[in-house]
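Asks: The following block contains a protein sequence and its predicted model.
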Amino acid sequence: MTFMPDVKLELASTQHEMPHLKQSLLKMHSDGHVTCSKSFDTYYDTADDKLRREGLVLLVSERDHDYIQKVSATEVRGMTPPMAGHWEDVIEGDLPNPRAPNSGAHLPIGLDHAELADRHR
């Protein structure tokens with residue numbers, strides 16, 4: 001039995017560079033035994049950047065039609081020594097859910113989904 005290593009490649013590009021990048025990846029795929037899965041991350045914050053100011057990052061990842069909400073904190077309050085934190089939930093749909101049990105519990109109290117807008121980082 002032969003094991004193929006699983007490699008994850010994350011790329012960021014401008015919209016202008018996307019056609020060339022896509023062609024290069026498709027060529028790599030046709031040259032060998034490469035499987036591809038689609039993955040998109042959308043970052044969210046309030047209009048006044050409340051989450052960023054509180055050291056939080058909220059994103060929704062789409063991985064092959066599954067949606068995962070992720071909240072990361074640069075520093076978890078009350079932890080000594082200071083530590084970063086990361087929480088995830090599988091959610092319904094592509095919009096953030098501030099009430100999600102794991103990740104939503106680390107968002108500011110009273111945050112409503114209507115306050116959130118997608119942000120490009």
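Replies: Noted; the coordinates are in hand.
Asks: what sits up against stretch 104-121?
Replies: 42-47, 50-51, 54, 56, 58, 69, 71, 73, 85, 87, 89, 95-98 (C-beta atoms under 8 Å, 6 or more residues apart in numbering). Backbone N, C-alpha and C define where each C-beta goes, glycine included.
Asks: Any regions of this protein where pLDDT drops low?
Replies: The chain contains residues with pLDDT under 70 at 1-9, 29-38, 76-83, 120-121.
Asks: at 90 instead, please
Replies: Scanning the chain with the threshold set as pLDDT under 90 gives 1-41, 62-65, 74-85, 112-113, 118-121.
Asks: Helices - which of the contacts of stretch 104-121 land there?
Replies: Using DSSP state H, the subset of these located in helices is 50-51.
Asks: Now, of the contacts of stretch 104-121, which are buried?
Replies: 42-46, 51, 56, 58, 69, 71, 73, 87, 89, 96-98 (16 or more other C-beta atoms under 10 Å).
Asks: How many residues are close by Leu11?
Replies: Per other C-beta atoms under 10 Å, the neighbour tally for Leu11 reads 9.
Asks: what's the longest helix along the chain packed up against?
Replies: Determined from DSSP H, the single longest helix within the chain is helix 18-31. Judged by 3 or more C-beta pairs under 8 Å, 6 or more residues apart in numbering; DSSP states H and E, helix 18-31 is in contact with no other helix or strand.
Asks: roughly how far out does that helix sit from the chain middle?
Replies: 23 Å (C-alpha atoms, centre = their mean, to the nearest Å).
Asks: Likewise for stretch 90-100?
Replies: So, by C-alpha atoms, centre = their mean, the centroid of stretch 90-100 is 12 Å from its chain's centroid.
Asks: Quote the end-to-end distance of it.
Replies: This stretch, stretch 90-100, spans 8 Å end to end (C-alpha to C-alpha, to the nearest Å).
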